[in-house]
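**Student:** how does the following fold in three dimensions:
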Amino acid sequence: MIFRHFDQAKNRNIWKLGRGRLPQTLTLRLWSIMTILVVTFSVPNPSSNRSLSVAPLASFPFLPITETPAEPTPVLAYYYIWFDTRSWNRAKTDYPLLGRYSSDNSRVMRQHIRWAKQAGIDGFIVSWKGTYKLNRRLQQLVRIAEQENFKLAIIYESLDFERNPLPAEQVAADLKYFIDRYADKEVFRVFEKPMVIWSGTWNFSVKEIQRDVQDKRKHIFILASEKNVKGYQRLAELVDGDAYYWSSVNPDTHSGYPDKLIDMGKAVHENGGIWVAPAAPGYDSRLLGGTTVVDRKDGETLRRQLEAALRSEPDAVGLISWNEFSENSHIEPSQNYTHEALKVLGEVYR
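**Tutor:** Numbering: from 1, shown residues only. Sure thing, here's the model as predicted:
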């Protein structure tokens, strides 16, 4: 795959040949002729001694190839490692097919990665900040992703539970921790350098962000998480792009949102940055005190949002989300939706 990255010294885009989609998938794309891939699962349920039988995702035909096709835009799903077994008692209307798991469960992590790969997802954008528990879980996920040949990126959670910003000194220390331990890991090479999305940049001043990123961008790409062109342009010279986390948009009532994504992608690319466009299968915040509901419409909402994301010419699609069950934006196989979202992804990306 050819990747664009930003050369800070020369202030321009550079296109570089690099690894993107997994070698096994690439081999299938290039060499398979009318191959049918049928995926079946027999997954252990961590909460019981019974085996959990899961229906096949889909059958995907591979047509004869007369020339090398362009590689698809990488798809990265936002992934949360904060779950304890008690987490499932709050604000949930749906539950995983794997049971009410803890994010310490390595078997669950491995199954998540295998499901994601089979649906055409290239990697996870892992929600993280520096705590003992999350550091331990990130380390475990990195080890499993390396074994499974799966990519990772980070969304750094700079806001606390009440949505207040963390001290800038803590942000700087956490970014240094990540660089020291993971900047040289191949598993984080979705792009030329590891990608870290700074969630909540709108709550920090230009001076704070400049102080925290100035000695770190030579090791990692740091993206803002701004919600509009004006917000991104405030920070454009301090960051390596933007990733918009927009889980609640309703395609039926917000007809102009594809144009908003196009405008944001254009602004980021004009500055030589990486643009990560959002797409979500649906949304329901009522148990979190909100009122917004976006119906999934049997997968049609996800199809439309993927189409809108791709129209903005992103460097990656940020799929919201693998397992944000409280906001009901999850695509992980679940009791209510089974494998519906993964089948949609399979139709679009395989």
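**Student:** element containing residue 207, please.
**Tutor:** helix 206-213 (DSSP states H and E).
**Student:** for the stretch 51-200 of the chain, which residues score under the pLDDT cut-off?
**Tutor:** When residues are selected by pLDDT under 70, those of the stretch 51-200 of the chain lie in 51-70.
**Student:** the helices in the protein, which residues?
**Tutor:** 23-31, 106-118, 132-148, 168-182, 206-213, 229-235, 257-270, 300-311, 340-349 (DSSP state H).
**Student:** quick one: residue 113 and residue 151, what's the gap?
**Tutor:** For residue 113, the distance to residue 151 equals 10 Å [CB to CB, to the nearest Å]. Quick note: C-beta positions are derived from backbone N, CA and C, even for glycine.
**Student:** anything in contact with each of the two?
**Tutor:** Common contacts of residue 113 and residue 151 (CB atoms under 8 Å, 6 or more residues apart in numbering): 124, 145.
**Student:** residues making contact with the helix holding residue 207?
**Tutor:** Counting by CB under 8 Å, 6+ apart, residues outside helix 206-213 touching it are 168, 171, 172, 175, 198, 201, 222, 234, 235, 238, 239.
**Student:** repeat that with 7 Å
**Tutor:** 168, 171, 172, 175, 201, 222, 234, 235, 238, 239 (CB atoms under 7 Å, 6 or more residues apart in numbering).
**Student:** need the contact list for the second one.
**Tutor:** Yep, that's residue 171 we're talking about. The contact partners of residue 171, by CB under 7 Å, 6+ apart, come to 158, 212.
**Student:** the residue nearest the centre of the chain pairs with what?
**Tutor:** Centroid check for the chain by CA atoms, centre = their mean gives residue 77 as the closest residue, at 2.8 Å. Beta-bridge partners recorded for residue 77 (DSSP bridges): residue 124, residue 319.
**Student:** thought it was touching residue 122?
**Tutor:** No: the criterion here is CB atoms under 7 Å, and residue 77 misses it with residue 122 at 9.0 Å.
**Student:** and for the nearest residue to residue 233 once chain neighbours are set aside, the neighbour number?
**Tutor:** Closest residue to residue 233 apart from its sequence neighbours, by CB to CB, 6 or more residues apart in numbering: residue 267 at 6.5 Å. The criterion is other CB atoms under 10 Å. On that basis, residue 267 has 19 neighbouring residues.
**Student:** gap between residue 267 and residue 73?
**Tutor:** 18 Å.
**Student:** strands along the stretch 1-150 of the chain, start to end?
**Tutor:** Here the stretch 1-150 of the chain has its strands, by DSSP state E, counting those that start in this stretch, at 2-7, 12-17, 35-38, 41-44, 51-54, 59-62, 75-80, 123-128.
**Student:** so what does the last one touch, helix or strand wise?
**Tutor:** Packed against strand 123-128, as judged by 3 or more CB pairs under 7 Å, 6 or more residues apart in numbering; DSSP states H and E, are the following elements: strand 75-80, helix 132-148, strand 151-157.
**Student:** which one of the contacts of helix 206-213 is nearest to residue 328?
**Tutor:** Nearest to residue 328 out of the contacts of helix 206-213 is residue 201 (CB to CB; 25.5 Å).
**Student:** tell me the contacts of that closest one?
**Tutor:** Each residue near residue 201 by CB under 7 Å, 6+ apart is listed here: 209, 224, 225, 226, 235.
**Student:** what sits against the fourth one?
**Tutor:** Residues counted as contacts of residue 226 (CB under 7 Å, 6+ apart) are 201, 202, 232, 235, 242.
**Student:** so which of those wins on neighbours?
**Tutor:** Going by other CB under 10 Å, residue 242 tops those with 30 neighbours.
**Student:** residues in a beta bridge with it, which ones?
**Tutor:** Applying DSSP bridges, one finds that residue 242 bridges with residue 224, residue 275.
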